[in-house]
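# How does the following fold in three dimensions:
(one chain, ligands or ions: 1)
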Amino acid sequence: MSKVPVGILGATGTVGQKFILLLADHPWFEITELAASERSAGKVYEEIVSWKQSVAIPEKVRRMVVKPCEPNLDCKVAFSGLDASVAGEIEKAFAEKGYWVFSNARNYRMEPDVPLVIAEINGSHLDILPFQRKQRGWPGAIITNANCSAIVLALSLGPLHKAFGLSLVNVVTFQAISGAGYPGVPSLDILGNVVPFIGGEEPKIESETQKILGKFSGDAIQHADFVVSAQANRVPVEEGHLECVSVKLRTQASIEDLLGCWRHFQGETEGLDLPSSPENPVVVFTEKDRPQPRLDVWKYKGMSSIVGRVRQCPVLDYKYVVLGHNTVRGAAGASVQNAELVLKKGLI
Ligand SMILES: NC(=O)c1ccc[n+]([C@@H]2O[C@H](COP(=O)([O-])OP(=O)(O)OC[C@H]3O[C@@H](n4cnc5c(N)ncnc54)[C@H](OP(=O)(O)O)[C@@H]3O)[C@@H](O)[C@H]2O)c1
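Numbers count the residues shown, from 1 in each chain. Here you go, the predicted structure:
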């Protein structure tokens, strides 16, 4: 199989850099284009990017010239790590010109005909794409990823919802500074501190989780009807969002039932051999003080939600902690996996 040519929109940003790392040696995709703002366009990638990864810029993209985000790029798939202030117009222009856009921005996530996908949980929502393309007259399409905290949370909730039904979810997040992009949160605000506010984050976690765990019925996605309450905090951690979750279930289950449900979960990607799929989408830790972002965020290639401290909750039924990599599972890695699923389904 010849590799599918792909471009990265917002290639200089925090998510764009992760796209580059994940796609540089991808077995199905070949990076052919890098694009960013007018500030970067026309310049050699390594000379303009503020590279923040612990490994070097991959050789094959180092000297590539960054292009403007205009829909005349030599690629079929456009992975977008664009800022939300510009993603709406740019992603639409690409879909109108026939590109398959995999977006990390919030702009289209809650549109009724746009799938908001975690491959293992609701890959079947991609089946709305023919309806989207027909209704909008797009030869291309837009497929979105959820907010980084919502992905980590929904991946852990999905197996529970399927097995036992959820009625109430309460989540308190401890979110890494890389989640704010670059340069992100000023150091004087975050060093030795916790900021108990992230603009717009809580409603996104609440509504996107309901959409992801909703049901697809031909031409619409019916949102799940459980209630979600989210409180979001920014903490001085470089990578990895940690979340404290309490759930009320619709049917009775023991702690062993929950653990077994997570451990055996494969979801909608089972047997598909997608290159980015982790062996276990949800991993359960039994140590009393894990998972922790610094120690655990890179385990399982950053693509699993790591659950720990599962115990009874005196207010709801059960509570647990979940950790996920915000720029991998919560952004670029999830997009790449979605594109693999679209390709595997023969949609592109
Ligand atoms: N960071 C995370 O953990 C995370 C997780 C999930 C989703 N997201 C979402 O992913 C998107 C990117 O986030 P990020 O953290 O990577 O942000 P970032 O580091 O600020 O990067 C933003 C990117 O957008 C480009 N850009 C800005 N203005 C532009 C314009 N007018 N035209 C074309 N390109 C423009 C920038 O290019 P220049 O360098 O040329 O300015 C840069 O490549 C956002 O929508 C964010 O909400 C982020």
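# which SS class is Val171?
strand (DSSP: H, G, I helix; E, B strand; the rest coil).
# ok now do it, which residues does it touch?
Ser149, Leu153, Ile205, Val228, Ser229, Ala230, Gln231, Glu243, Cys244, Val245, Ser246 (C-beta atoms under 8 Å, 6 or more residues apart in numbering). To be clear about C-beta, it is placed using only N, CA and C from the backbone, and glycine gets the same treatment.
# Checking the residue located most distally from the centre of the chain next. Helix, strand or coil?
What lies farthest from the middle of the chain is Pro314; by C-alpha atoms, centre = their mean that is 31.4 Å. The three-state assignment at Pro314 reads coil, by three-state DSSP.
# circling back: list buried residues within the contacts of Val171.
Ser149, Leu153, Ile205, Val228, Ala230, Glu243, Val245, Ser246 (16 or more other C-beta atoms under 10 Å).
# Next, find the distance separating Gly267 from Leu274.
Applying C-beta to C-beta, to the nearest Å, the value for Gly267 to Leu274 is 11 Å.
# correction: Leu23
From Leu23 across to Leu274, the span is 14 Å (C-beta to C-beta).
# ditto for Gly240
Gly240 is 23 Å from Leu274, by C-beta to C-beta.
# With neighbour numbers in mind, choose between these two.
Gly240 (30 against 19; other C-beta atoms under 10 Å).
# Can you check the pLDDT for that one?
Gly240 is assigned 98 on the pLDDT scale.
# residue contacts, it?
Applying C-beta under 8 Å, 6+ apart, we find Gly240 in contact with Ala176, Pro293, Arg294, Asp296, Val297, Leu323, Gly324, His325, Asn326.
# With Ser229 instead?
Counted by C-beta under 8 Å, 6+ apart, Ser229 has contacts Leu168, Val169, Asn170, Val171, Glu206.
# For the helix or strand hosting it, list the C-alpha coordinates in CSV.
Element membership for Ser229, per DSSP states H and E: strand 227-234. Extracted in CSV, the C-alpha atoms of strand 227-234 (Å, rounded to 0.1, in the frame of the first residue of the first chain):
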residue,chain,number,x,y,z
VAL,A,227,-25.3,14.3,34.0
VAL,A,228,-21.7,15.5,34.1
SER,A,229,-20.3,18.1,36.5
ALA,A,230,-16.7,19.2,35.8
GLN,A,231,-14.3,21.4,37.7
ALA,A,232,-11.1,22.3,35.9
ASN,A,233,-7.7,23.3,37.5
ARG,A,234,-4.4,24.2,35.9
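# Say whether the ligand is contacted by that strand.
No. Contact of strand 227-234 with the ligand (C-beta under 6 Å from any ligand atom) is absent, the minimum separation being 11.6 Å.
# Which element is encountered next along the chain beyond that strand?
Of the helices and strands lying after strand 227-234 in sequence (DSSP H and E), the nearest is strand 241-249.
# Could you list the residues of the chain in contact with the ligand?
Going by C-beta under 6 Å from any ligand atom, the residues of the chain near the ligand are 10-16, 36-37, 39-40, 69, 81-84, 86-87, 104-105, 148, 178-179, 181-182, 326-327, 330-331.
# returning to that earlier point: want to try a markdown table for the contacts of Ser229, with pLDDT and distance to Asp257 as columns?
Converted to a markdown table, those look like this (pLDDT from 0 to 100; distance: C-beta to C-beta, whole Å):
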| residue | pLDDT | distance to Asp257 |
| --- | --- | --- |
| Leu168 | 98 | 18 |
| Val169 | 98 | 18 |
| Asn170 | 98 | 20 |
| Val171 | 99 | 21 |
| Glu206 | 98 | 26 |
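# Between the residues you listed, which sits nearest Ala56?
Nearest to Ala56 among those, counting by C-beta to C-beta, is Val171 at 36.5 Å.
# what sits opposite that closest one in the beta ladder?
Per DSSP bridges, the residues bridged to Val171 are Ala230, Val245.
# Report how many residues lie close to Gln222.
11.
# Show me what it bridges to in the sheet.
Beta-bridge partners of Gln222, as defined by DSSP bridges: Lys215.
# surely it meets Leu213?
No. Here Gln222 does not reach Leu213: they are 10.4 Å apart, not a contact under C-beta atoms under 8 Å.
# joint contacts of Gly267 and Leu274?
Common neighbours of Gly267 and Leu274, using C-beta under 8 Å, 6+ apart, are Ala119.
# In the stretch 51-200 of the chain, which residue sits nearest the ligand?
Residue of the stretch 51-200 of the chain nearest the ligand, by C-beta to the nearest ligand atom: Gly181 (2.9 Å).
# Any figure for the gap between that residue and Lys134?
Distance of Gly181 to Lys134, computed by C-beta to C-beta: 34 Å.
# between the two, who's got more neighbours?
Gly181 (16 against 11).
# right, and that one touches Leu82 too?
No. The criterion here is C-beta under 8 Å, and Gly181 misses it with Leu82 at 10.7 Å.
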